[in-house]
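**Student:** predicted model and sequence below, questions to follow.
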Amino acid sequence: MNIKILSRNSNLYSTRRLVEAAKKRKHDVQVIDPLKCDLVIEKRNPNIYYKGEYILDTDAIIPRIGASVTFYGTAVVRQFEMMGAFSTIDSEALVRSRDKLRSLQVLSRAKIGLPKTVFTNYSRDVNGVIQQVGGTPLVIKLLEGTQGLGVVLAETKNAAKSVIEAFNGLQARVIVQEFIKEAKGADIRVFVVDGHVVGAMKRQGKEGEFRSNLHQGGSAEVIELTDEEEIAAIKAAKAMRLGVAGVDLLQSSRGPLILEVNSSPGLEGIEKATGKDIARSIIQYIEKNV
């Protein structure tokens, strides 16, 4: 097969591993920078012009689209889909997953466990918002934040009011979420491919840090999921219509709670923690569908 990996940096761990896995299974593979693609749109003849020539005969694409380039990156994915290529991440699912609020609404409708969350139109009733999520401590998240950035833990009512009012004053969209104390600064990243869990790791925030993201200095170790956790992760990926997903969940006294479903999950942390060849699973998913 002819596989294209949409990535801005061919040296990134995830991109390199996907190239290795594709070549190992005897496929032709090329890394393409989505921002350097020109989209040619005409009746019954959609094309992509890249580095002086048209891209032809693409069987499948693997989008590795960063959050900062979602708009154009998704347009490129959509163009490949119009040209008949299979995408490991559907363009509409990619857009849906990048909107934290919309994602939570989709998961809620699918009756999946979530931390209680409040979103307002810059409400002046900050005390009411705080009460809605059960008081402090609480978590405040920028809707556009990634890799743990734009996430604040407010431990007191005064701190929560100050942060929410500051964000409101800047007209920065935020969600306010209950703090799950029993999670103890840890979460679980579950990697789901084609409706099956192919790897899971527990990420622990460094001392004094409630964010467990590896980008924020957290550590990771392999974990064996409970049946309830596995079902929740698979259900979340299905609700978001993602063939490849990184599902982040918290362990709570009322069962697993989904934090986020990532449509472009990194491979480095999960492969090193579990020792599993996740990249191969993604290539096999393509083989099954093309």
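**Tutor:** Okay, I see it.
**Student:** if we look at the sheet, which residues does the residue positioned nearest the centre of the chain bridge to?
**Tutor:** For the chain, the residue sitting closest to the mean C-alpha position, by C-alpha atoms, centre = their mean, is Asn262 at 1.2 Å. Per DSSP bridges, residues listed as beta-bridge partners of Asn262: Gly246.
**Student:** packing partners of the helix or strand harbouring Lys141?
**Tutor:** Assessed by DSSP states H and E, Lys141 sits inside strand 138-142. Applying 3 or more C-beta pairs under 8 Å, 6 or more residues apart in numbering; DSSP states H and E, one finds that strand 138-142 makes contact with strand 151-154, helix 157-169, strand 174-178. Where C-beta positions appear, they are placed from N, C-alpha and C, glycine not excepted.
**Student:** out of the ones you listed, nearest to Arg25?
**Tutor:** With distances scored as C-beta to C-beta, the stretch of the helices and strands packed on strand 138-142 nearest to Arg25 is strand 151-154 (38.0 Å).
**Student:** which strands and helices sit next to the closest one?
**Tutor:** Partner elements for strand 151-154 (3+ C-beta pairs under 8 Å, 6+ apart): strand 138-142, helix 157-169.
**Student:** OK, contacts around Gly266?
**Tutor:** With contacts defined as C-beta atoms under 8 Å, 6 or more residues apart in numbering, Gly266 is in contact with 13-14, 246.
**Student:** give the buried subset of those as a PyMOL selection command.
**Tutor:** To isolate the buried subset of these in PyMOL, counting by 16 or more other C-beta atoms under 10 Å, use the following:
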select buried, resi 14+246
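**Student:** could I get the contacts of Gly266 as TSV with distance to Asn2 and pLDDT?
**Tutor:** Below are these laid out as TSV (distance: C-beta to C-beta, whole Å; pLDDT from 0 to 100):
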residue	distance to Asn2	pLDDT
Tyr13	23	97
Ser14	20	97
Gly246	26	97
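**Student:** who does the closest residue to Gln132 other than its chain neighbours bridge with?
**Tutor:** Nearest non-adjacent residue to Gln132, counting by C-beta to C-beta, 6 or more residues apart in numbering: Val118, 4.7 Å away. Beta-bridge pairing of Val118 under DSSP bridges involves Val176.
**Student:** great, nothing more from me.
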